[in-house]
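**Student:** Give me a 3D structure for the following:
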Amino acid sequence: MERVFVMPDLGEGLEEGRVVEWLVAEGDEVALNQPLVEVETAKAAVEIPSPFAGTIVTLHGAVDADVPVGAPLITFDVETVPAPAPAPALGPDDGKPRTLTIPASPAHGERRSGSPIKATPPVRKRAKELGIDIETVDGTGPEGRVTEADVQRVADRFGHNGVIAVAVHQDLGSRLEPVDDVRRAIAATVTAQAQIPQVTTFRTVDCTALDAFRRDLQVSPLPVVLAALCTAVRDHPLLNANWLEDMIEYRDAVNVGLAVDTDRGLLVPVLQDAGRRGIAEIAGEVGRLASGARDGSLALEDKLATATIAVSNTGSYGSEAGTPILSPGTSVTLAFGVIQPRALVVDGAVEARLAATLSLTFDHRVLDGATAGRALTDLVALLESPERLGGLPR
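**Tutor:** Have a look, this model is predicted:
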């Protein structure tokens, strides 16, 4: 039986492909998934595999010829095969080498007519996962019921799970740059920290009181948030704790690791004993540490001090929220998003008020979600209360 394989849709609105090289000739016997032709599009060069096992009857299109999508590409002489399915669209060009997968037709044999196929829902699901049309499977179970073993036998026979891989080669115009020591250290740290089971919870904070309070003190919002965080730590000591495998370490001193964006990458100098400092002193230390991180003048103790909790001021570069990763030796990282007008419900009415998002990432080995949520709720309540803000050490 002759079957015609048409030029598949290679995605992103492409209407045709140019034949670069035929990898088979008329009269050749080909196997399923054997590369047939290299086709070039405006986006990539693609090797298209055979959707059938059989004999090549006709190659439609000479080398360098443009073949429209949907036009005949190859005619096969086969036994009984399904019509090929078109390729899915390529995703956005993100500058990375990709593999295009062309789904094979789910029919692997002759579809039977007559009574419905008997198979349980799990077996039908497994057939779908493997790209097998269950109507083509001979059942060996009671009363001809199709079993999972029957489905697997068909999948093993055809040697694939319903997809045909096509290598896509792109001219990326890329370049290579050596990794410097700072970037290598950052990579090693975040890779190690990513192994910790960590979760992020979020709260919106009405910053009306915070903005008025910090303006009276002539400081940025960050020192006030740090002072409030130290107060929250006293009420929720697990925020400042550390996992030690067979025990949890509670720390008295609140040493805050401050994420600082520099030309060399992310650095985290440590504001030591923040819980014993007033807002003005915290503001001075934040400025000194940030400047030192950016110009390379940090003192050795600022680099080597152990952080017990970490803060990332993501609002400094306009970010509304984030999911910060934990810093080494800590169980909590707090991200403070940009303060900007938002629609908030106040006393049953919608008002435009200054607000920000607090993102609290926590080590789930140390804190449960409810514990972290209550701590974050208390922190938000403090930042929204003029009376409680006024009680912070200045």
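
**Student:** Leaving out the residues flanking it, which one is nearest to the residue nearest to the spatial centre of the chain?
**Tutor:** The chain has residue 323 as the residue nearest its centroid, 11.6 Å off, counting by C-alpha atoms, centre = their mean. The shortest distance from residue 323 to any non-neighbouring residue, by C-beta to C-beta, 6 or more residues apart in numbering, is to residue 200 (4.3 Å). (Each C-beta comes from the backbone N, C-alpha and C, glycine too.)

**Student:** Show me the helices in the stretch 101-250 of the chain, by range?
**Tutor:** Taking DSSP state H, counting those that start in this stretch, the helices of the stretch 101-250 of the chain run over residues 121-129, 148-158, 181-193, 208-217, 221-235.

**Student:** Any idea which of the ones you listed gets closest to residue 39?
**Tutor:** helix 148-158 (24.0 Å; C-beta to C-beta).

**Student:** Measure how far the closest one is from the centre of its chain, please.
**Tutor:** 34 Å (C-alpha atoms, centre = their mean, to the nearest Å).

**Student:** hang on, the earlier thing: list the beta-bridge partners for the residue nearest to residue 323.
**Tutor:** Beta bridges link residue 200 to residue 361, judged by DSSP bridges.

**Student:** Next, the angle from the top helix by length along the chain to helix 208-217.
**Tutor:** Longest helix of the chain, by residue count under DSSP state H: helix 279-295. Relative orientation of helix 279-295 versus helix 208-217 (axes from the mean of the first three to the mean of the last three C-alpha atoms, to 10 degrees): 90 degrees.

**Student:** Check which helices and strands helix 279-295 is in contact with.
**Tutor:** On a contact count with 3 or more C-beta pairs under 8 Å, 6 or more residues apart in numbering; DSSP states H and E, helix 279-295 meets helix 221-235, strand 256-262, strand 270-271.

**Student:** What's the first helix or strand after it?
**Tutor:** Counting by DSSP states H and E, the next helix or strand C-terminal to helix 279-295 is helix 300-304.

**Student:** Quick check: residue 124 touching residue 133?
**Tutor:** No: using C-beta atoms under 8 Å, residue 124 is not in contact with residue 133, being 10.6 Å away.

**Student:** chain center to stretch 59-76, what's the gap?
**Tutor:** Distance of stretch 59-76 from its chain centroid, counting by C-alpha atoms, centre = their mean, is 39 Å.

**Student:** Tell me the spacing between residue 316 and residue 57.
**Tutor:** To residue 57, residue 316 is 67 Å away according to C-beta to C-beta, to the nearest Å.

**Student:** My error: substitute residue 300 in the last question.
**Tutor:** Per C-beta to C-beta, residue 300 is found 77 Å from residue 57.

**Student:** These two: which has the busier surroundings?
**Tutor:** Neighbours per residue, other C-beta atoms under 10 Å: of residue 300 and residue 57, the larger number sits with residue 57, 15 against 7.

**Student:** Now the closest residue to that one other than its chain neighbours: which helix or strand?
**Tutor:** In space, residue 57 comes closest to residue 75 once its chain neighbours are excluded; the distance is 4.3 Å by C-beta to C-beta, 6+ apart. Secondary structure from DSSP H and E places residue 75 in strand 72-77.

**Student:** follow-up on the earlier one: wait, the residue nearest to residue 57 sits on residue 61?
**Tutor:** No: applying C-beta under 8 Å as the test, residue 75 and residue 61 come out as separate, 11.6 Å apart.

**Student:** More neighbours: these two, which one.
**Tutor:** Using other C-beta under 10 Å as the criterion, residue 75 and residue 61 rank with residue 61 on top: 21 against 17.

**Student:** Go ahead and confirm the more buried one touches residue 74.
**Tutor:** No: applying C-beta under 8 Å, one finds residue 61 not in contact with residue 74, separated by 9.0 Å.

**Student:** what about residue 202, distance to residue 392?
**Tutor:** Separation of residue 202 from residue 392 (C-beta to C-beta): 23 Å.

**Student:** Can you give me the pLDDT of residue 10?
**Tutor:** Listed pLDDT for residue 10 reads 66.
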